[in-house]
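**Student:** show me how the following folds:
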Amino acid sequence: MTRLSRTATRLRAATVCGIAAISMVGGAGVAAATNPGDAPPGYAGPFSYCKGSPYDSIPLGNGHAYIDVWRSAEGSGTLCAMTYDVQDGRHSMEVIIRREDWQTGWYDIGDYDRYAGAIYVGGTEIHCAYISGWVAVDGVTYDGNLGRDGKKVCS
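**Tutor:** Have a look, this model is predicted:
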């Protein structure tokens with residue numbers, strides 16, 4: 001094997017390894033999602049849909065995004081939230097839910113084609129929940145000016 005062919009072989013191997021590494025790292029960021037197994041007690045998700053009945057819709061700005069909220073009588077009342085993106089393509093987005101009497105909230109964040117969530121909180125027959133989220137499209141973040149806590153939703 002000539003010195004030139006050994007160099008070419010090493011370059012091809014390095015290129016293949018580099019592409020594989022970029023794919024793994026890039027794939028992890030693109031497929032980011034909250035792990036349902038990490039949910040604190042009283043919270044659940046993310047799942048692919050919300051159970052219950054549509055309850056509220058929270059606009060996040062200029063028709064680009066919104067949060068839908070569902071209510072169910074299960075678990076002493078549950079609220080479920082999903083942030084939706086109405087623009088084509090993959091965008092960064094998040095949905096957050098926190099029961100009013102708890103310090104800890106639950107969320108789903110990542111780069112998605114359509115929605116973040118569905119995430120649940122239980123015990124909402126006697127406690128309200130704060131719900132917020134955002135979607136970033138072409139460098140603009142749509143968050144509905146919900147502030148730190150988000151919108152208070154009571155069932």
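**Student:** tell me, how many neighbours does residue 143 end up with?
**Tutor:** If you count neighbours by other Cβ atoms under 10 Å, residue 143 ends up with 17. Every C-beta, even on glycine, is put in place using the N, C-alpha and C of the backbone.
**Student:** skipping adjacent residues, who's closest to it in space?
**Tutor:** Closest residue to residue 143 in three dimensions, ignoring its sequence neighbours and counting by Cβ to Cβ, 6 or more residues apart in numbering: residue 134, at 4.0 Å.
**Student:** over to residue 147?
**Tutor:** residue 132 (7.8 Å).
**Student:** send the alpha carbons of the helix or strand residue 57 falls within over as CSV?
**Tutor:** Element membership of residue 57, judged by DSSP states H and E, is strand 53-61. Taking Å, rounded to 0.1, in the frame of the first residue of the first chain, the C-alpha atoms of strand 53-61 are listed here in CSV:
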residue,chain,number,x,y,z
SER,A,53,-62.3,17.1,27.1
PRO,A,54,-61.0,20.3,25.6
TYR,A,55,-61.0,22.9,28.4
ASP,A,56,-59.1,26.0,27.4
SER,A,57,-56.8,27.3,24.6
ILE,A,58,-54.0,29.8,25.3
PRO,A,59,-52.7,31.8,22.3
LEU,A,60,-49.0,32.3,22.3
GLY,A,61,-48.8,35.0,19.6
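**Student:** which helices and strands does it pack with?
**Tutor:** Counting contacts by 3 or more Cβ pairs under 8 Å, 6 or more residues apart in numbering; DSSP states H and E, strand 53-61 is packed against strand 65-72, strand 129-137, strand 151-153.
**Student:** mind putting those into CSV with distance to residue 89?
**Tutor:** Below are those laid out as CSV (distance: least, Cβ to Cβ, whole Å):
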stretch, distance to residue 89
strand 65-72, 13
strand 129-137, 8
strand 151-153, 27
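**Student:** so which of the ones you listed gets nearest residue 53?
**Tutor:** strand 65-72 (6.0 Å; Cβ to Cβ).
**Student:** what pairs with the helix or strand following the closest one, parallel or antiparallel?
**Tutor:** The helix or strand immediately downstream of strand 65-72 is strand 78-85, counting by DSSP H and E. Strand pairing for strand 78-85, determined by DSSP bridges: strand 65-72 (antiparallel), strand 115-122 (antiparallel).
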